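# sequence first, predicted coordinates after that:
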Protein chains: 2
Amino acid sequence: MLRESRKKELKEHIFLQALQLFYDKGYEQVTVQEITAKCGIGKGTFFNYFAKKEDILLYLGESQIELLQQSIEKHRNIGHPKEQIMHALNDLLLHFSSHSELMKLATIEIMKSASLAGKESKSVQQLHLQLASMLDRAKQDGKLHSRWETDVIVTTIVGVYFHTILSWALLEAQHTTISESFRKQLDVVWEGIDPYIGGGDK
Amino acid sequence: MLRESRKKELKEHIFLQALQLFYDKGYEQVTVQEITAKCGIGKGTFFNYFAKKEDILLYLGESQIELLQQSIEKHRNIGHPKEQIMHALNDLLLHFSSHSELMKLATIEIMKSASLAGKESKSVQQLHLQLASMLDRAKQDGKLHSRWETDVIVTTIVGVYFHTILSWALLEAQHTTISESFRKQLDVVWEGIDPYIGGGDK
DNA sequence: GTCATAAAATGACCGTGGTCATATTGAGGA
DNA sequence: TCCTCAATATGACCACGGTCATTTTATGAC
């Protein structure tokens, strides 16, 4: 086979060049021709690596989720699960401050693929699994006392996460960072997930 | 000038004809030409009423949100706020069972406009305002005892709502209805919002 | 080195979304 | 009834995303 690494490298190269153009001119204003020209390849070649122009955004979203997963792995044994989640997400949320436009597009693309492709969409589902296993362990270790099924908890958290990102635009004018926004939302739902932490006595 | 009602009527007509086609063939497979042909108008006319093809989906989403708002208004004085919300949303969620594909697309379009247009997007923001006023009244009437700011509560609920819709696909295989899914999510976060209802003693 | 074969590149081509200059329509004034 | 003017309709046109038949290139067997 043709140098297999070469293939991945080219995909990465196209991705990075495209990203650069998106940063400069905005997603809609960049044509596929421009991207391929910048890469010194023919237009058709692009579609050997990304089936649609949108798929670059999806790829961006997926690599962010991968970062998130690594981050979760890293914080796995520190403190309460709530804090673990907050820490892991915080790293990722910082990206949003600098490239909010593109990050929002990527998030939407992720959601689109997750909802329309259903079981086919790998990345979000893997994130679910990983969070679930993290929370299950925490339950066993006695760090999490919750009456709810793990699956339901995970869905809740992910839901709040996505929506924080999307609705952040509405609050941007005020002096809240996106991290603060998410922290607030998490505080609320965590109270429902595990009242023990919050200082309640139930 | 020109019969103003006529204008709205035509927009509605285009909308309904388009919807019919989408139901039959799927959104992507329907061209703007087809829609205008079915309406007996020229292609260009379409774009006098909807700036983009996608905007039909947005319009669909917005009219769903309007229904939701009316529904909330209707249930305004019955029972606890949690139940009010559940009832109001239930009506809407039923649509998803029958037309899930199109409804998901509409939801995504709503989210896109809400996040990218920011303050410009009316409908979601109005929904926020309405829910907020409902919850504020409930607080005053002593039906809701929550330590959280109303805004934060609303964002949480809306977030869970949207995410339930989108991630429903993943659970569709199991025998849960979308209403049940949402009920579960709401149970969790409501516990955090107002532990009083849940039977806790805090 | 040569050949056979499969992977990957390519750009002419096509269909569709969206634009725009022009045509049509209808309301109101004389 | 006719004229004016703005609102609306229209379809030729264009640019871009995406396809595909064809060409180029890398690989391994001999």
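That came through, no problem.
# what about the spatially most central residue of chain A, which helix or strand?
The C-alpha lying nearest the average C-alpha coordinate of chain A belongs to A:Ile65 (C-alpha atoms, centre = their mean; 4.0 Å). In this assignment (DSSP states H and E), A:Ile65 forms part of helix A:55-74.
# tell me which residues are up against that helix.
Helix A:55-74 is contacted by residues A:14-15, A:18-19, A:22, A:27, A:50, A:84-85, A:87-89, A:91-92, A:95, A:102-103, A:105-110, A:113, A:122-124, A:126-127, A:130-131, A:134 when judged by C-beta atoms under 8 Å, 6 or more residues apart in numbering or on different chains. From N, CA and C alone the C-beta is placed, and that goes for glycine too.
# try 7 Å this time
If you take C-beta atoms under 7 Å, 6 or more residues apart in numbering or on different chains as the criterion, helix A:55-74 is touched by A:15, A:18, A:50, A:88, A:91-92, A:95, A:105-107, A:109-110, A:113, A:123-124, A:126-127, A:130, A:134.
# and the buried ones among the residues you listed, selectable in ChimeraX?
Those of the contacts of helix A:55-74 that meet the burial criterion (16 or more other C-beta atoms under 10 Å in any protein chain shown) are gathered into one ChimeraX selection, given here:
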select /A:15,18,50,88,91,92,95,105,106,107,109,110,113,123,124,127,130,134
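# helix A:55-74 and the one helix or strand A:Val152 maps to, what's the angle between them?
Using DSSP H and E, A:Val152 sits within helix A:150-171. With axes from the mean of the first three to the mean of the last three C-alpha atoms, to 10 degrees applied, the angle from helix A:150-171 to helix A:55-74 works out at 120 degrees.
# who does helix A:150-171 touch, helix- and strand-wise?
Helices and strands touching helix A:150-171, by 3 or more C-beta pairs under 7 Å, 6 or more residues apart in numbering or on different chains; DSSP states H and E, are helix A:81-98, helix A:100-117, helix A:122-140, helix A:178-193, helix B:100-117, helix B:150-171, helix B:178-193.
# could you export those as TSV, including distance to B:Lys43 and mean pLDDT?
Output for these, formatted as TSV (distance: least, C-beta to C-beta, whole Å; pLDDT from 0 to 100):
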stretch	distance to B:Lys43	mean pLDDT
helix A:81-98	39	86
helix A:100-117	27	90
helix A:122-140	38	92
helix A:178-193	42	91
helix B:100-117	22	90
helix B:150-171	33	85
helix B:178-193	37	91
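# so which strand or helix has the closest residue to DNA strand C within chain A?
Per C-beta to the nearest atom of the strand, the residue of chain A with the smallest distance to DNA strand C is A:Gly44, at 1.8 Å. With elements taken from DSSP H and E, the one containing A:Gly44 is helix A:43-49.
# could you give the mean pLDDT of that helix?
On average, the pLDDT along helix A:43-49 is 97.
# got the buried residues for it?
A:Phe46, A:Tyr49.
# do stretch A:95-107 and DNA strand D meet at all?
No - contact of stretch A:95-107 with DNA strand D (C-beta under 7 Å from any atom of the strand) is absent, the minimum separation being 13.5 Å.
# what's in contact with that stretch?
Outside stretch A:95-107, the residues touching it (C-beta under 7 Å, 6+ apart) are A:22-23, A:27, A:57, A:60-61, A:64, A:162, A:165-166, A:177-178, B:115-116.
# could you redo the last one with a cut-off of 6 Å?
Taking contacts as C-beta atoms under 6 Å, 6 or more residues apart in numbering or on different chains, the residues outside stretch A:95-107 that touch it are A:Phe22, A:Tyr27, A:Leu57, A:Leu60, A:Gly61, A:Ile165, A:Ile178, B:Ser115.
# residues near the first one, how many?
The burial count assigned to A:Phe22 is 21, neighbours taken as other C-beta atoms under 10 Å in any protein chain shown.
# what sits against it?
The contact partners of A:Phe22, by C-beta under 6 Å, 6+ apart, come to A:Val30, A:Leu102.
# and it, how close does it get to A:Phe15?
Using C-beta to C-beta, to the nearest Å, we find A:Phe22 at a distance of 10 Å from A:Phe15.
# show the buried residues in the contacts of stretch A:95-107.
In these, the ones that pass as buried (16+ other C-beta under 10 Å) are A:Phe22, A:Tyr27, A:Leu57, A:Leu60, A:Gly61, A:Ile165, A:Ile178, B:Ser115.
# residues contacting the second one?
With contacts defined as C-beta under 6 Å, 6+ apart, the neighbours of A:Tyr27 are A:Leu105.
# again, only this time at 8 Å
Listed by C-beta under 8 Å, 6+ apart, the contact set of A:Tyr27 reads A:Leu57, A:Glu101, A:Leu102, A:Leu105.
# that one: what secondary structure?
When the structure is reduced to helix, strand and coil (DSSP: H, G, I helix; E, B strand; the rest coil), A:Tyr27 reads as coil.
# okay, it: pLDDT?
97.
# what's the domain layout of chain A?
With automatic domain parsing serving as the domain definition, the record reports that chain A contains domains spanning A:4-49, A:55-198.
# winner for burial among the ones you listed?
Mean neighbour count (mean count of other C-beta atoms under 10 Å in any protein chain shown) peaks for domain A:55-198 among the domains of chain A, with a mean of 18.
# circling back to that earlier point, who's in contact with the helix holding A:Gly44?
With contact meaning C-beta under 8 Å, 6+ apart, helix A:43-49 is reached by A:Leu10, A:Lys11, A:Ile14, A:Val32, A:Gln33, A:Ile35, A:Thr36.
# between the residues you listed, which is closest to B:Phe182?
Nearest to B:Phe182 among the contacts of helix A:43-49 is A:Lys11, at 38.7 Å by C-beta to C-beta.
# quick one: secondary structure of the closest one?
Secondary structure of A:Lys11, reduced to three states by three-state DSSP: helix.
# spatially nearest residue to it (excluding sequence neighbours)?
Spatial nearest neighbour of A:Lys11, chain neighbours left out: A:Tyr49 (4.6 Å); criterion: C-beta to C-beta, 6 or more residues apart in numbering or on different chains.
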